[in-house]
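[1] Sequence and predicted structure, then a few things I'm wondering about:
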Amino acid sequence: MTNQSLITLQERIRSLTADDPVFDNRDQFFKSRTEGYERSLEIIHRLQIYKRKFNLTEEEFDVLKFETVTQSLPTMLHDIAFVPFLKSQCSPEQHAKWVPPAEKYVHAPLNSNDELT
């Protein structure tokens with residue numbers, strides 16, 4: 001991807017979320033820990049809605065996450081470690097069973113020692 005095409009993609013993604021109050025982070029430093037966590041869950045949910053609504057590719061979805069999210073989300077490790085691990089290490093049978101639910105947050109690991117069967 002060229003720099004210009006990346007910039008164009010970033011601008012398109014920003015335009016999708018520009019008017020969405022869920023992605024307005026101006027008050028994030030004034031929220032309690034509980035409120036911040038609840039807000040994170042709202043953001044995660046909205047990201048998934050945008051992914052399906054606009055039929056975003058993985059690359060576009062990554063840009064959406066990194067362009068709109070300015071705080072740590074409870075699912076960051078899931079997105080950057082668990083799902084890519086499944087995609088790269090599963091057998092075809094395991095891939096069919098585990099990857100689609102993991103991408104939809106139906107299955108999330110409880111700890112780093114979870115094993116797939």
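    Everything's here; your move. Please read all numbers here as calculations on a predicted model, not as lab measurements. Numbering: from 1, shown residues only.
[2] Next one: residue 54 from residue 12, what distance?
    10 Å (Cβ to Cβ, to the nearest Å). C-beta here means a position set from N, CA and C on the backbone, and glycine is covered the same way.
[3] Let me fix that, I meant to ask about residue 39.
    On the measure of Cβ to Cβ, residue 39 and residue 12 end up 25 Å apart.
[4] Looking only at neighbour counts, state which of the two leads.
    residue 39 (17 against 14; other Cβ atoms under 10 Å).
[5] how about the more buried one, what does it touch?
    Residue 39 makes contact with 28, 31 under the criterion Cβ atoms under 8 Å, 6 or more residues apart in numbering.
[6] Please, which helix or strand holds it?
    helix 33-53 (DSSP states H and E).
[7] quick one: average pLDDT of that helix?
    Helix 33-53 carries an average pLDDT of 85.
[8] Could you do stretch 73-88 as well?
    81.
[9] Check the offset of it from the chain's centre.
    In terms of Cα atoms, centre = their mean, to the nearest Å, the centre of stretch 73-88 is set 9 Å apart from its chain centre.
[10] repeat for stretch 24-38
    For stretch 24-38, the distance to the chain centre is 18 Å (Cα atoms, centre = their mean).
[11] Ok, stretch 7-15 next?
    17 Å.
[12] Identify the residues contacting it?
    For stretch 7-15, the surrounding residues in contact (Cβ under 8 Å, 6+ apart) are 1, 59-60, 63-64, 67-68.
[13] Quick one: the helices in the protein, in order.
    3-17, 33-53, 58-68, 76-77, 83-89, 92-103 (DSSP state H).
[14] Columns distance to residue 25 on top of those, output as CSV?
    Shown next, in CSV, are those (distance: least, Cβ to Cβ, whole Å):
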stretch, distance to residue 25
helix 3-17, 11
helix 33-53, 9
helix 58-68, 9
helix 76-77, 16
helix 83-89, 24
helix 92-103, 25
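[15] most tightly surrounded among those?
    helix 58-68 (a mean of 17; mean count of other Cβ atoms under 10 Å).
[16] what does it rub up against?
    For helix 58-68, contacts defined as Cβ under 8 Å, 6+ apart pick out 1, 9-10, 13-14, 16-17, 23, 43, 47, 50-51, 54, 56, 79.
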